[in-house]
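**Q** what would the 3D arrangement of this be:
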Amino acid sequence: MSIRPLNGQVLSPSGRRAALRAGAAALIGLSGACATGRTVAGPPAATATPATTTPASSPRAGRPPAAPAGPAPAPRRFAGQPVEIGHGPRDRPAVSLTFHGNGDPAIARSVLAEAERAGARVTVLAIGAWLDDHPDMARRVLDGGHELGNHTQNHVAINSLSEEEARAEITACAGRLKRLTGSIGTWFRPSQTQNASPLVRTLAQQAGYPHVLSYDVDSLDFTSPGAAAVIRTVTGTIQGGSVVSLHFGYADTVDAMPPLLEELARRKLRAVTTTELLTP
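**A** Predicted structure coming up:
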């Protein structure tokens, strides 16, 4: 007896057995890929109804519910705080982990997932060119309950630029954020420097940022010293109110996140956004 499949081709019994063996092998390969995280190409499955895809902003295990896809929060002025803020109140049992938004988006997603798994919220200062290449990351940050800010358009040494060039670096990234989220971002952090020059502080205020965000703890994760070194550097100097400088683009940072967050919890320090850190 011959078998006529959907494509109209007639298969002999031996051909039918070969096809069944090939299909079984494809299914075994696919289940192995799910277990290891690899992707294995296989023949498309015939379904009676269209497949349903999961939007990038949908909640996943370990993530908080997605935030409404409306405009992101705008910058705000904090009474009693200087133009450049390096840390929050020392008597508050909270810290702010701030990340420079750049590098492989897969690493960025891993860092965010580790933070969310521990119930932490972070502040991401994104480079505009990075958002141009990976625009979905803006909504991914916000959907995780984190906040998003401006780290210049091209991550150049902004304090060394002319007034016109520095202004363009700030406003170009602000424009990217506005286009993607409806807001210029909650914070501005100057690039390639811990502290902004007086000119850059003025230009940031003119662009709509009441404050420039600095930090008092530098993780040095961008030197790729290993996860253990990152943890030692941060925990050796962190205290209530600290603002920590970290980066998305390094695997050491991903590895350091779970033990770092565990140590913060042991010290009864909550990891919150910078806005939450400064809000009475």
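
**Q** what secondary structure does the residue lying closest to residue 189 once chain neighbours are set aside sit in?
**A** In this structure, residue 189 finds its nearest non-sequential neighbour in residue 125, 4.3 Å apart by CB to CB, 6 or more residues apart in numbering. For the C-beta atoms, the positions are set from N, CA and C on the backbone; glycine is no exception. Secondary structure, DSSP: H, G, I helix; E, B strand; the rest coil: residue 125 is strand.

**Q** which stretches in this structure count as helices?
**A** With DSSP state H applied, the chain shows helices at 13-36, 105-117, 128-133, 136-143, 163-181, 198-206, 227-237, 251-266, 274-278, listed in chain order.

**Q** residues of the third one that come out buried?
**A** Using 16 or more other CB atoms under 10 Å as the test for burial, helix 128-133 gives 128-131.

**Q** the residue nearest to residue 189 and residue 263: what is the separation?
**A** 23 Å (CB to CB, to the nearest Å).

**Q** tell me which of these two has more neighbours.
**A** Here residue 125 and residue 263 are compared on neighbour count by other CB atoms under 10 Å; more neighbours surround residue 125, at 27 against 14.

**Q** was I right to think the more buried one contacts residue 101?
**A** Yes: contact between residue 125 and residue 101 holds when scored by CB atoms under 8 Å: they sit 6.1 Å apart.

**Q** shared neighbours of the two, anything?
**A** Residues touching both residue 125 and residue 101 (CB atoms under 8 Å, 6 or more residues apart in numbering) are residue 151.

**Q** thinking again about what came up before, could the buried residues of helix 128-133 go into CSV alongside distance to residue 277?
**A** As requested, those are arranged in CSV below (distance: CB to CB, whole Å):
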residue, distance to residue 277
128, 25
129, 28
130, 24
131, 24
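
**Q** which ones are touching residue 237?
**A** 216-217.

**Q** tell me the pLDDT at it?
**A** Looking at residue 237, its pLDDT is 97.

**Q** distance check, it against residue 155.
**A** Between residue 237 and residue 155 the distance is 25 Å, computed by CB to CB.

**Q** out of the helices of the chain, nearest to residue 87?
**A** If you check each of those against residue 87 by CB to CB, helix 274-278 wins as the nearest, at 8.5 Å.

**Q** just for the stretch 101-250 of the chain, where's the confidence low?
**A** Residues of the stretch 101-250 of the chain meeting the criterion pLDDT under 70: none.

**Q** quick one: contacts for the residue nearest to residue 189?
**A** By CB under 8 Å, 6+ apart, the neighbours of residue 125 are 98-101, 149-151, 187-189, 213.

**Q** what is it paired to in the beta sheet?
**A** Here residue 125 sits in beta bridges with residue 100, residue 149, going by DSSP bridges.

**Q** the closest residue to residue 71 other than its chain neighbours: how many residues sit nearby?
**A** In space, and not counting its chain neighbours, residue 71 is closest to residue 182: 3.0 Å by CB to CB, 6+ apart. Around residue 182 there are 13 other residues, counting by other CB under 10 Å.
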